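> dropping the sequence and predicted coords here.
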Amino acid sequence: MTEFQKYIQRYLDLIPTENWLEEMKKTGEKTVSLFSFLTEEHSNFAYAVGKWTLKELLQHLIDAERIFAYRALRFARYDQTELAGWDEETYAKHYFSSERLLQSLIDEFETVRKSSCLLFENLNEIQLSKTGVANGNEISVETIGKLIVGHNIHHFNIIEERYLSKFD
């Protein structure tokens with residue numbers, strides 16, 4: 001197993017059932033529910049110096065999902081152009097999330113997730129099995145869909161462990 005495969009597998013292992021499309025919907029709903037209960041003050045909280053605020057973390061989920069879905073679309077449509085990687089830290093430096101209302105980010109996340117669900121629900125088995133190269137690594141469309149789910153769960157777990165525990 002390559003280092004990339006190991007990296008991806010840590011996210012895939014977090015998906016609790018085989019029905020990753022249903023889990024995509026569930027994790028989206030769970031994420032929206034969690035962020036909907038936060039106050040603006042809580043949403044600007046980071047658990048340590050140099051760590052993302054909750055708003056920045058939500059923006060990261062949005063950006064990552066958009067990038068992953070774009071890659072999946074390109075590969076599902078038989079586009080074999082190698083796609084570049086992205087630097088999440090560079091993106092984070094340019095979020096300006098503190099200037100946005102939390103509800104705006106929640107609305108954006110919901111819209112992106114709905115779009116992702118529609119994309120993946122309407123791909124057939126041939127399209128899901130298509131592969132392409134992103135960031136120098138070959139990956140299938142289905143694995144990208146699962147990565148969206150596992151990545152969301154990963155960050156949800158971090159929120160529960162490192163952020164919400166500070167709000168007691």
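Perfect, thanks for sending it. Keep in mind that this is a model prediction, so the values were computed, not measured.
> in this structure, what residue spans correspond to strands?
With DSSP state E as the criterion, the chain has strands at 131-134, 137-140.
> same list, those strands, but as TSV with mean neighbour count, distance to C117 and mean pLDDT please.
Placement of C-beta: from N, CA and C, glycine included. Output for the strands of the chain, formatted as TSV (neighbours: other CB atoms under 10 Å; distance: least, CB to CB, whole Å; pLDDT from 0 to 100):
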stretch	mean neighbour count	distance to C117	mean pLDDT
strand 131-134	18	21	97
strand 137-140	17	18	96
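> of the ones you listed, which approaches H60 most closely?
Smallest distance to H60 across the strands of the chain (CB to CB): 17.5 Å, for strand 131-134.
> quick one: that closest one to chain centroid distance?
18 Å (CA atoms, centre = their mean, to the nearest Å).
> now stretch 89-103
15 Å.
> what's the end-to-end length of that stretch?
23 Å (CA to CA, to the nearest Å).
> outside of that stretch itself, list whatever touches it.
35, 38, 40, 43-44, 52-53, 55-56, 58-60, 63, 105 (CB atoms under 8 Å, 6 or more residues apart in numbering).
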